[in-house]
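Peer 1: Quick check, what structure comes out for this input:
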Amino acid sequence: MNIVFPEFNNSTIQAALERHAEMHASGESIPGIAPDGVSEITALPAPNLTTACAMVKSGEADTMIAGIDYSSRDVILACREHFPMSPKPQLVKQLQVEASPTSVNPAISERYSTFSGLAVMQKDNQVYLLADMAACKHPSKAQLIEIIHQTHTSASKLFSEPPRVALLSFSTFGSGGHDDTIELMQAIRQEFQDSEILLDGEMQLDAAINPAIAQKKFPDSPVAGQANVLIVPDLNSGNILYKAFEHIAGFNVAGPILQGFSYPVSDLSRGSSVADVILTIEVMAKLIK
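Peer 2: Okay, the predicted model is just below:
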């Protein structure tokens, strides 16, 4: 796998690449993400984001990891300039079914209109996906639905078990009374009622990931207490939550992974550690397969 790094000479990137190579050579693993050992990669330098995006688009690189020096805004703008949005899942399935030398492709206008930021948070065997924590400030119902589809697609590549999606809130199953954010999550749950996606909510974080609390608050939910995908109502809550996982709870964090584009790319936090960069490399290796 070829990964282009437009901040190749950054000391954290260099340390992460050196450590990653050592881990690959010795067969070291990352629980929950790369249990059979880390991937073999080739790291490619690029002088800037424009060149890095061009290398991904041409196929010279499989993916780009950037953002440890560049701002998220810089990385997002480069991706928006160089990469189209990805087809929606139902269109991808239709293209696969109808593909033949003589077939006419369905309208490619059926693409995502929203892009989102995904955090992959890992500590020992615990792995949680969280979105959106980097891009969409106040997502509408339609935007949240797209974010859920994008994140479920990522989760399906990262997990060996079915993703279990929790719609997070300060309320669990109506306990918070009437509020626009609660009603938004309830409306989204209704949209997925007949979906293949295993999703439930609205629920508080403790009800989403703690089985004992879920039994008290949300006993009939197929997701509560077992959630591994966390969907937040806005960027405030997403950004605060992933930084709490990282800086208080001690999780390593891959990303933000930018979802919704036709090419796989990762933005990094400028506070990313060597372990975060290594985790990001392994997450990207799974997402591009």
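Peer 1: same for the helix ranked longest in the chain, what does it pack against?
Peer 2: As assigned by DSSP state H, the longest helix anywhere in the chain is helix 141-158. In terms of contacts (3 or more CB pairs under 8 Å, 6 or more residues apart in numbering; DSSP states H and E), helix 141-158 is packed against strand 116-123, strand 126-131, strand 164-168, helix 180-191, strand 229-231, strand 252-259, helix 274-287. C-beta here means a position set from N, CA and C on the backbone, and glycine is covered the same way.
Peer 1: remind me which residues of the stretch 51-200 of the chain are low pLDDT?
Peer 2: Low-confidence segments of the stretch 51-200 of the chain, defined by pLDDT under 70, span residues 90-109.
Peer 1: sorry, back to before: out of the helices and strands packed on helix 141-158, which is closest to residue 47?
Peer 2: Comparing the helices and strands packed on helix 141-158 against residue 47 with CB to CB, the closest turns out to be helix 274-287 (19.5 Å).
Peer 1: quick one, that closest one and strand 126-131 angle?
Peer 2: Note on geometry: by axes from the mean of the first three to the mean of the last three CA atoms, to 10 degrees, helix 274-287 and strand 126-131 are set 80 degrees apart in direction.
Peer 1: returning to that earlier point: what would the helices and strands packed on helix 141-158 look like in CSV with mean neighbour count and distance to residue 199?
Peer 2: Compiled in CSV, the helices and strands packed on helix 141-158 are given as follows (neighbours: other CB atoms under 10 Å; distance: least, CB to CB, whole Å):
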stretch, mean neighbour count, distance to residue 199
strand 116-123, 26, 16
strand 126-131, 24, 13
strand 164-168, 26, 4
helix 180-191, 16, 7
strand 229-231, 28, 8
strand 252-259, 28, 17
helix 274-287, 23, 21
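Peer 1: quick one: which helix or strand includes the closest residue to residue 82 other than its chain neighbours?
Peer 2: The spatially closest residue to residue 82, leaving aside those adjacent along the chain, is residue 53, at 3.8 Å (CB to CB, 6 or more residues apart in numbering). Secondary-structure assignment from DSSP states H and E places residue 53 in helix 49-58.
Peer 1: In that helix, which residues are buried?
Peer 2: By neighbour count, and taking 16 or more other CB atoms under 10 Å as the criterion, the buried residues in helix 49-58 are 49, 52, 53, 55, 56.
Peer 1: The residue lying closest to the first one once chain neighbours are set aside: what's it in contact with?
Peer 2: For residue 49, ignoring the flanking residues on the chain, the nearest one in space by CB to CB, 6+ apart is residue 78 at 4.0 Å. Going by CB atoms under 8 Å, 6 or more residues apart in numbering, residue 78 touches 49, 50, 52, 53, 66.
Peer 1: Determine which two of the residues you listed are furthest apart.
Peer 2: Taking CB to CB, no two of the contacts of residue 78 sit farther apart than 50 and 66, at 11.1 Å.
Peer 1: Next, the contact list for residue 49, please.
Peer 2: Residue 49 is in contact with 6, 66, 70, 74, 75, 78, counting by CB under 8 Å, 6+ apart.
Peer 1: Identify the farthest-apart pair in these.
Peer 2: When the contacts of residue 49 are compared pair by pair using CB to CB, the farthest-apart members prove to be 6 and 74, with a separation of 9.8 Å.
Peer 1: Hmm, residue 111 and residue 88 touching each other?
Peer 2: Yes - with the criterion set as CB atoms under 8 Å, residue 88 and residue 111 qualify as a contacting pair; they are 6.5 Å apart.
Peer 1: sorry, back to before: how about the helices and strands packed on helix 141-158 in TSV, adding distance to residue 205?
Peer 2: Formatted as TSV, the helices and strands packed on helix 141-158 follow (distance: least, CB to CB, whole Å):
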stretch	distance to residue 205
strand 116-123	12
strand 126-131	10
strand 164-168	6
helix 180-191	13
strand 229-231	7
strand 252-259	16
helix 274-287	22
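Peer 1: rewinding a little: so between residue 88 and residue 111, which is more surrounded?
Peer 2: residue 88 (18 against 15; other CB atoms under 10 Å).
Peer 1: if I pick the more buried one, what's in contact with it?
Peer 2: The neighbours of residue 88, taking CB under 8 Å, 6+ apart as the test, are 110, 111, 112, 146, 149.
Peer 1: Once you drop chain neighbours, what's closest to residue 204?
Peer 2: For residue 204, the nearest residue in space outside its immediate sequence neighbours is residue 172; the separation is 4.9 Å by CB to CB, 6+ apart.
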